[in-house]
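Novice: quick check, what structure comes out for this input:
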Amino acid sequence: MVTTTNDCVQCEARVGYVPARDHEEGSKRLVYNGEWRSYPRMISNYSNIYSDIDTSELSDYIKEQASPIGSIPEIPHTNALWDGNYGMINEHGLALGESTCAGYLTSTSIKKGGKNLFSIRSLMNLALERCADARCAIQTMGHLGQKYGFYSEDGPDEGGAGEAVTMADPSGEAWVFHIMTGLNQSGAVWCAQRVPHDHVAVVANDFTIGKIDFNDHDHKNFYWSDNLLETARKADLPVPFTGKDDEFEWTKYFAPDKRFLQKDPSAVPLPMYGKLREWIVYHHTNPELVDKMYTVPIPPHAQFGFSQPKSGKKFTLEDVMNLKREVYYNTPYDMTKGVQAGPYGSPNRVEGGPVFDHYGQFARSISIQRTTYGVVHVATPDIEKGLPTAATWFAADQPLTSVFVPFHAASLKAEKNRYAEHRYGAGNHREFDLQNGVKTAWWAFDFVSNHMNQNFQNMSQQYVYPLRDELQAQLIEHAQHLHKEMRADKANAHQKAADFDSKHQEDVVNKWWDLAGMLVVRYNDGFFNYADAEQPANSNIGYPQFWQDMIG
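Specialist: Below is the predicted model:
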């Protein structure tokens, strides 16, 4: 399994079906602006969700941002895939996740006068189009980035200069890939490391690969660009690399200290942004080791390495989904407690403002209010070659208050009804229109998430979490039955998967819109109204005693 959350305030959350295609010799593959992730992500025939847009209603600025910035030669055949703000999973069950990382080598795109064609979004999609396994994806992204140039989608800033791609495939392998621009603000430098079996690797906006075994010529555990050591020696780095080859460490020389997320080691540490997310995952997956290695609260110098062994029971799909919903419940960092959680225990934080100007910080959880979507990819083995039960489980908006719905890799080959496109492939995050607009998935979950800030504790415990958990358990159980049916009827397996996905996606969104309307009534004007849906009696919610004591 491989997971990711797309944390972005104005990124669109539509899911696009990208068909498999045959291409004539000499065809070009267009490359789009990776810094533009708002609606629409691109104007093209790449997916019908991009080609069906009425461009007459778009401003010249949006049309210019969503246009191609270059091209490369196309290959004869490309795979079908599910496309989000980043490509997610293809027809072979190859699945990718993304995390932006701090790095020292910065650059700009061709569009802004630089030398580089590719952002990580474009490279990930190309890997899914052209590959069936993680090893191919690593080499495809690395070689294309090196040849045509890589730039950060966050702009020429050290805080987001690099990218990590996490990946898994039905062979049972999982890898972590790192990339930055190369020397002279052009090309790329990259490496990858395999996650050992029975290990968990966490990438929380920090590079994690340290030493590389340059003697691993068979690439059992490592890949690296042929310019890596030359770049390390010639680049203008805060700590120049002058040692022997086997002394090089990616995290040491190419990136700010991950305990600080900033260049100046004398600045106040910020372990609660990335480090805390690492800790909470390892706390769940190997509590004995983590609690023995590090005290709680975790010290600023805590280092978890590239990966850690998992202990105890086998993690289920539902376990991993719940990791994506983590807000540190029942730990010293519980975001539903304290003054910043308000009287009603909201884990959501308003970001920015003077707290950051004074080097302040609050805990950064895995599920945050500005999460556009979260995914858990399951790269299970093939039923037979070309027919995986692999799937992307997609949660619109923040996973904490959302339901993961399946997008099976097999559905990509169905003839019709591949997914509930009018729910998950439609909508515009700039427009909230319940009267004339389509009731899309993202607005349903985003609306509930925001409305819960009125009384998060009561709404979550009384209504949202029970429905979320009920629907999630049902979906996982029903998917297990689907996979049995697919094995028994391989000839119709693709269509069975598609019919299953579209039906249950539709059902979940309908139930969430019903929930949204009910919450508006129940908590109107700060009262608890119509508790049994019959009697008009209401009750005061009021402020809890601890809050009144605290504010005097």
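Novice: low pLDDT regions in the stretch 151-300 of the chain?
Specialist: Under the criterion pLDDT under 70, the flagged ranges of the stretch 151-300 of the chain are 258-270, 291-300.
Novice: which parts of the stretch 1-150 of the chain are helices?
Specialist: Secondary structure of the stretch 1-150 of the chain, counting by DSSP state H, counting those that start in this stretch: helices at 48-51, 60-65, 120-130, 134-148.
Novice: the residue nearest to residue 149 when sequence neighbours are not counted: what's it in contact with?
Specialist: Ranked by Cβ to Cβ, 6 or more residues apart in numbering and with sequence neighbours excluded, the top spatial neighbour of residue 149 is residue 116, at 3.0 Å. Where C-beta positions appear, they are placed from N, C-alpha and C, glycine not excepted. Neighbouring residues of residue 116 by Cβ atoms under 8 Å, 6 or more residues apart in numbering: 107-110, 148-151, 181, 185-188.
Novice: returning to what we had before: could you identify which of the helices of the stretch 1-150 of the chain is most buried?
Specialist: By mean neighbour count, with neighbours taken as mean count of other Cβ atoms under 10 Å, helix 120-130 ranks first of the helices of the stretch 1-150 of the chain at a mean of 25.
Novice: and it, C-alpha only, in PDB?
Specialist: These are the backbone C-alpha positions of helix 120-130, laid out as PDB (Å, rounded to 0.1, in the frame of the first residue of the first chain):
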ATOM      1  CA  ILE A 120       6.600  16.200 -10.600                       C
ATOM      2  CA  ARG A 121       3.000  16.100 -11.700                       C
ATOM      3  CA  SER A 122       4.000  15.600 -15.300                       C
ATOM      4  CA  LEU A 123       6.700  13.000 -14.500                       C
ATOM      5  CA  MET A 124       4.300  10.900 -12.400                       C
ATOM      6  CA  ASN A 125       1.700  10.900 -15.200                       C
ATOM      7  CA  LEU A 126       4.300   9.900 -17.700                       C
ATOM      8  CA  ALA A 127       5.500   7.000 -15.500                       C
ATOM      9  CA  LEU A 128       1.900   5.700 -15.200                       C
ATOM     10  CA  GLU A 129       1.400   6.100 -18.900                       C
ATOM     11  CA  ARG A 130       4.600   4.200 -19.800                       C
END
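Novice: hang on, the earlier thing: so which of the helices of the stretch 1-150 of the chain comes closest to residue 463?
Specialist: Each of the helices of the stretch 1-150 of the chain was scored for nearness to residue 463 using Cβ to Cβ, and the closest is helix 48-51 (31.5 Å).
Novice: ok, residue 117 touching residue 149?
Specialist: Yes - counting by Cβ atoms under 8 Å, a contact exists between residue 117 and residue 149, whose distance comes to 5.4 Å.
Novice: overlap of the contact sets of the two?
Specialist: Here residue 117 and residue 149 share the contacting residues residue 110, scored by Cβ under 8 Å, 6+ apart.
Novice: give the contact list for residue 212.
Specialist: 191, 193, 222, 224, 228, 248, 250 are the contacts of residue 212 under Cβ under 8 Å, 6+ apart.
Novice: could you dump the helices of the stretch 1-150 of the chain to CSV with mean pLDDT?
Specialist: Compiled in CSV, the helices of the stretch 1-150 of the chain are given as follows (pLDDT from 0 to 100):
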stretch, mean pLDDT
helix 48-51, 91
helix 60-65, 94
helix 120-130, 98
helix 134-148, 98
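Novice: so which of the contacts of residue 116 wins on neighbours?
Specialist: residue 150 (32 neighbours; other Cβ atoms under 10 Å).
Novice: of the helices of the stretch 1-150 of the chain, which is nearest residue 510?
Specialist: helix 48-51 (20.6 Å).
Novice: and the next helix or strand past the longest helix along the chain?
Specialist: Selection of the longest helix in the chain by residue count, based on DSSP state H, yields helix 493-522. Elements were assigned by DSSP states H and E; along the chain past helix 493-522, the next helix or strand is strand 527-529.
Novice: pretty sure residue 393 contacts residue 377?
Specialist: Yes - distance between residue 393 and residue 377: 7.5 Å, which falls inside the contact criterion (Cβ under 8 Å).
Novice: any chance you could map the helices in the stretch 151-300 of the chain?
Specialist: With DSSP H, counting those that start in this stretch as the criterion, the stretch 151-300 of the chain has helices spanning 228-234, 250-253, 275-285, 287-293.
Novice: using TSV, lay out those helices together with mean neighbour count and distance to residue 214.
Specialist: Formatted as TSV, the entries for the helices of the stretch 151-300 of the chain read as follows, by neighbours: other Cβ atoms under 10 Å; distance: least, Cβ to Cβ, whole Å:
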stretch	mean neighbour count	distance to residue 214
helix 228-234	18	8
helix 250-253	20	12
helix 275-285	23	26
helix 287-293	14	28
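Novice: minimum distance to residue 158: which of these has it?
Specialist: helix 250-253 (13.7 Å).
Novice: just the CA atoms of the closest one, as CSV, please.
Specialist: Taking only C-alpha atoms (Å, rounded to 0.1, in the frame of the first residue of the first chain), the coordinates of helix 250-253 have been written out as CSV:
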residue,chain,number,x,y,z
TRP,A,250,21.3,12.8,0.1
THR,A,251,19.6,14.2,3.2
LYS,A,252,22.8,15.6,4.6
TYR,A,253,24.1,17.4,1.6
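Novice: how far off centre is it?
Specialist: Relative to the chain's own centre, helix 250-253 is displaced by 24 Å; criterion: Cα atoms, centre = their mean, to the nearest Å.
Novice: which other residues reach that helix?
Specialist: Outside of helix 250-253, the residues within contact range by Cβ under 8 Å, 6+ apart are 178, 191, 206-210, 212, 232, 237, 239, 241, 258.
Novice: between those residues, which is nearest residue 352?
Specialist: The shortest gap between residue 352 and any of the contacts of helix 250-253 belongs to residue 206, at 21.1 Å (Cβ to Cβ).
Novice: the closest one - how many residues pack around it?
Specialist: 26.
Novice: so it sits against residue 103, correct?
Specialist: No - between residue 206 and residue 103 no contact is recorded; they are 10.0 Å apart, counting by Cβ under 8 Å.
Novice: now do the shared contacts for those two.
Specialist: When contacts are counted by Cβ under 8 Å, 6+ apart, the set common to residue 206 and residue 103 consists of residue 255.
Novice: hey, what's the residue nearest to residue 149 bridged with?
Specialist: Residues found in beta-bridge contact with residue 116 (criterion: DSSP bridges) are residue 109.
Novice: now it: how far from residue 65?
Specialist: If you measure residue 116 against residue 65 using Cβ to Cβ, to the nearest Å, the figure is 17 Å.
Novice: quick one: contacts for residue 463?
Specialist: Contact partners of residue 463, counting by Cβ under 8 Å, 6+ apart, are 515, 518-519, 522.
Novice: that should have said residue 131, apologies.
Specialist: By Cβ under 8 Å, 6+ apart, residue 131 lies in contact with 79, 90, 92, 94, 137, 140.
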